[in-house]
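[1] Structure here, sequence nowhere to be found:
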């Protein structure tokens, strides 16, 4: 079927006008995103639009006092709300518990366990659990699937003691439309990205190096700033990590205080019972003789003093200067965010240099997809949501690793077959600082050697003037950092190579744990080869538990 001539002409004009074509495409994506939000993501509204909501009476079992018609004062932390003589088909239930006795918002969720009887179940049977949070209205609307008519229902809840709650329970409510602009924007962004990076896109025809230095810097700056902005928002989402919630998480802050007093050990002294125990590194023995809060868990304990075994570099660079200048402590999540920026800088700089040296035909599309793949597949995603003290040294070690690799790659002058002194100096310093953060990651030096293999394994080059300068450039930072760290270790543990991890007051006696080859295959399979487990329930991944045939103690994290 042919289009009318006028329409056909108009279609050809639109087809040839690339700007108008893009505007129409993005407009369609926006419309699709809005319609998807209304009719797909809110399908529960249309599913229940014919419901007739009813408020039903309920009885309460447990400790409570009635304040008024719909408000109770709890004297117990477990209550049961029972809805009897329902005898009807129930598709949805609305349950809300609102705190009315405190100022401000209370976002503590309430766990509710649902049971029911129906045509096919004379006795109560389990439906499932739901978390009900008063600041999230969606959590109060529950879709249920009982057998035909529901006879009765029980809702077991876990609440705060001595708290006032306004209770609102009804059956068969119409689930309202919850319109989320963020979801619309996200879907629009995803559709737009697929459009921009499809195989026929102009971004695949423009080479990354076709842009001049200024254009590349501007593009990198914009994408870097957007990424940092998103990650800084994610960094603050979990309230649990917005402060230092225990002695084990405030070690860097306490070490900054100790440094300000000229001490390498923490200022707080161990209780005497720890000093007189037969084996203070035996957690079961500590549990028998003292309370958990009587000693500093996850601290290094040596000869009657507490130490921090985590790498000292973040303290020297951030915690100590901040404390000295302001008199206050910087938070771990802020330090982690700065470390994340270091990692991002390393990713952008390293990829830029690799393209210039090894893949000059790389397109803008491939550059962007490579950047995002590296970010999404890296440690950044995990660390942004869990920015605690355990993440700090690893974050900075990874950041210095990437910056070191970039500097060594940048140092190579391919035309003259020489190495630039300044970049070799910077690469050596970044790599050396890894040992003051997370010593195990210093194994990356093997990769750095492979990057520079044409120079490192050339005796002729090493004997040259430039080769000698390069050796000096590497040796100065490496030796300086090594001497300082060994002196730091010796002053604390009388051993220049002992960072203190063996003296950690943790779940097991690290001094006698030893290296056991039988653990290696299990660990390799679990951490490197075992696939993740998908789940139909948010957040759609399950923690992986480790089961082995190893006859001994295995320390693990899910």
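    Arrived safely, thanks for sending. Everything quoted here is computed from the prediction, not taken from an experiment.

[2] Tell me which other helices or strands the longest helix along the chain touches.
    If you go by DSSP state H, the chain has its longest helix at helix 465-493. Packing contacts for helix 465-493, counted by 3 or more CB pairs under 8 Å, 6 or more residues apart in numbering; DSSP states H and E, involve strand 418-419, helix 421-434, helix 459-463. Bear in mind the C-beta positions are built from the backbone N, C-alpha and C, glycine included.

[3] Which one of the ones you listed lies nearest to residue 111?
    helix 421-434 (43.5 Å; CB to CB).

[4] The closest one - contacts with which helices or strands?
    helix 391-411, helix 445-451, helix 465-493.

[5] Where does pLDDT dip in the stretch 101-250 of the chain?
    Along the stretch 101-250 of the chain, segments meeting pLDDT under 70 span 103-107.

[6] correction: the chain
    In the chain (pLDDT under 70), the answer is 1-18, 103-107.

[7] re earlier: list the buried residues for the longest helix of the chain?
    For helix 465-493, the neighbour count (16 or more other CB atoms under 10 Å) marks 466-467, 469-470, 473-474, 477-478, 481, 485, 488-489, 492-493 as buried.

[8] Turn these into TSV, columns for distance to residue 533.
    Below are the buried residues of helix 465-493 laid out as TSV (distance: CB to CB, whole Å):
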residue	distance to residue 533
466	53
467	52
469	53
470	48
473	48
474	44
477	44
478	43
481	41
485	40
488	42
489	41
492	42
493	41
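
[9] quick one: strands adjacent to the strand ranked longest in the chain?
    Identified as the longest strand of the chain according to DSSP state E is strand 121-132. Strand pairing for strand 121-132, using DSSP bridges, gives strand 110-118 (antiparallel).

[10] Pull out the buried residues from the strand it pairs with.
    Within strand 110-118, the residues that count as buried by 16+ other CB under 10 Å are 110, 112, 114, 115, 116, 117, 118.

[11] Closest one of those residues to residue 418?
    The shortest approach to residue 418 among the buried residues of strand 110-118 belongs to residue 110, at 67.8 Å (CB to CB).

[12] The closest one contacts residue 163, doesn't it?
    No: using CB atoms under 8 Å, residue 110 is not in contact with residue 163, being 10.4 Å away.

[13] ok, how many other residues are close to residue 464?
    When counting by other CB atoms under 10 Å, one arrives at 15 neighbours for residue 464.

[14] Roughly how far does it sit from residue 420?
    Residue 464 sits 14 Å away from residue 420, going by CB to CB, to the nearest Å.

[15] Ok, residue 221 next?
    Counting by CB to CB, the gap from residue 221 to residue 420 is 24 Å.

[16] immediately after the helix or strand hosting residue 333, which helix or strand?
    Assigned by DSSP states H and E, residue 333 falls within helix 332-358. Following helix 332-358 in sequence order, the next helix or strand is helix 364-376 (DSSP H and E).

[17] In space, what's closest to residue 486 - neighbours in sequence excluded?
    With sequence-adjacent residues excluded and distances taken as CB to CB, 6 or more residues apart in numbering, residue 486 is closest to residue 496, at 3.5 Å.

[18] Check the secondary structure at the one you found for me.
    Under DSSP: H, G, I helix; E, B strand; the rest coil, residue 496 falls in the coil class.

[19] Likewise for residue 268?
    coil.

[20] where do the helices sit along the stretch 151-300 of the chain?
    In the stretch 151-300 of the chain, the helices defined using DSSP state H, counting those that start in this stretch lie at 181-196, 213-235, 251-260, 272-276, 283-289.

[21] got the buried residues for the last one?
    If I follow you right, that is helix 283-289. 283, 286, 289.

[22] Touching, the second one and residue 273? I think so.
    No: with the criterion set as CB under 8 Å, residue 286 and residue 273 do not qualify as a contacting pair; they are 9.1 Å apart.

[23] Name all residues that make contact with residue 383.
    Contacts for residue 383 (CB atoms under 8 Å, 6 or more residues apart in numbering) come out as 336, 339, 340, 391, 394, 395.

[24] Quickly note the distance from it to residue 121.
    From residue 383 over to residue 121 (counting by CB to CB), the distance is 47 Å.

[25] repeat for residue 405
    For residue 405 relative to residue 121 (CB to CB), the value is 63 Å.

[26] neighbour count winner among these two?
    Shown here are residue 405 and residue 121; by other CB under 10 Å, residue 405 has more neighbours (22 against 14).

[27] The helices and strands packed on helix 421-434 into JSON lines, with extra columns for distance to residue 31?
    Below are the helices and strands packed on helix 421-434 laid out as JSON lines (distance: least, CB to CB, whole Å):
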{"stretch": "helix 391-411", "distance to residue 31": "41"}
{"stretch": "helix 445-451", "distance to residue 31": "48"}
{"stretch": "helix 465-493", "distance to residue 31": "57"}
